[in-house]
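A.B. asks: how would this look folded up:
(one chain, ligands or ions: 1)
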Amino acid sequence: MPNYGDPRYWDERYKQQNQTTFDWLENYHTLRPLLTHLMDKQHKILNIGCGNAELTEDMYDDGFKQIWNMDISDVVIDQMRMRNLHRPEMKWETGDCLKMDYEDDFFDVVIDKSRFTYNYRYSRCNTVWR
Ligand SMILES: C[S@@+](CC[C@H](N)C(=O)[O-])C[C@H]1O[C@@H](n2cnc3c(N)ncnc32)[C@H](O)[C@@H]1O
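C.D. replies: Just a heads-up that it's a prediction; the model follows:
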């Protein structure tokens, strides 16, 4: 089984997938009813393990402008930053969501779509919860 917790695995995968996007499991079309019900367009949103999913772009175009996208792979963050230069308020950061140093309550919402299953050390969930 690949080592899904290793950033090198994802870097290699995203190098091969350059210029493409892929939404694991769900996309904004399927999640929109839930997200618009739960969230405010003014919310500060952290999208951990964003990958190259279109979710964040579709959310942005629908009015959610304050989205911080984070991934452990700097390859995909660079690709997505370039791809979204015309969406100037979007933020892209390389980082490990299990070692974040944002101040408490900085974000209103954390989105974790299909990332959790790849870091299944439940004891560390409180790092994200903060
Ligand atoms: C299965 S992909 C899901 C991508 C996207 N969220 C989606 O739903 O299509 C998992 C993503 O989580 C990222 N990832 C894995 N461990 C991570 C960690 N500790 N911190 C941040 N991102 C991580 C990987 O680089 C990968 O892009």
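
A.B. asks: residue 96 reaches residue 72, doesn't it?
C.D. replies: Yes: if you go by Cβ atoms under 8 Å, residue 96 and residue 72 touch, sitting 5.3 Å apart. The C-beta positions use only the backbone N, C-alpha and C, and glycine is treated the same way.

A.B. asks: near the ligand, which residues of this structure? Just list them.
C.D. replies: Residues of the chain that fall close to the ligand, judged by Cβ under 6 Å from any ligand atom: 10, 23-24, 48-51, 53, 70-73, 76, 96-98, 113-115, 118-119.

A.B. asks: return the subset of the residues you listed lying in helices.
C.D. replies: 10, 76 (DSSP state H).

A.B. asks: and the residues of the chain next to the ligand, which of them are buried?
C.D. replies: 10, 23, 48-51, 53, 70-73, 76, 97, 113, 115, 118-119 (16 or more other Cβ atoms under 10 Å).

A.B. asks: could you report the pLDDT at the residue positioned nearest the centre of the chain?
C.D. replies: Residue closest to the average C-alpha location in the chain (Cα atoms, centre = their mean): residue 50, at 2.3 Å. Per-residue confidence (pLDDT) for residue 50: 97.

A.B. asks: what sits against it?
C.D. replies: 56, 69, 70, 71, 76, 80 (Cβ atoms under 8 Å, 6 or more residues apart in numbering).

A.B. asks: out of those, which is nearest to the ligand?
C.D. replies: The ligand lies nearest to residue 71 out of the contacts of residue 50, by Cβ to the nearest ligand atom, at 4.6 Å.

A.B. asks: so how far is stretch 43-57 from its chain's centroid?
C.D. replies: Put simply, stretch 43-57 sits 3 Å off its chain's centre (Cα atoms, centre = their mean, to the nearest Å).

A.B. asks: CA atoms only for that stretch - export them in CSV, please.
C.D. replies: Only the C-alpha atoms of stretch 43-57 are listed here, as CSV (Å, rounded to 0.1, in the frame of the first residue of the first chain):
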residue,chain,number,x,y,z
HIS,A,43,-16.7,32.8,7.0
LYS,A,44,-13.0,32.3,7.1
ILE,A,45,-12.5,28.7,5.8
LEU,A,46,-9.6,26.4,6.0
ASN,A,47,-9.5,23.7,3.4
ILE,A,48,-7.0,21.0,4.6
GLY,A,49,-5.6,18.5,2.1
CYS,A,50,-7.1,20.6,-0.7
GLY,A,51,-5.2,18.6,-3.4
ASN,A,52,-6.2,19.7,-7.0
ALA,A,53,-9.9,19.4,-6.4
GLU,A,54,-12.2,22.0,-8.0
LEU,A,55,-14.2,22.3,-4.9
THR,A,56,-12.5,25.4,-3.6
GLU,A,57,-12.6,27.1,-7.0
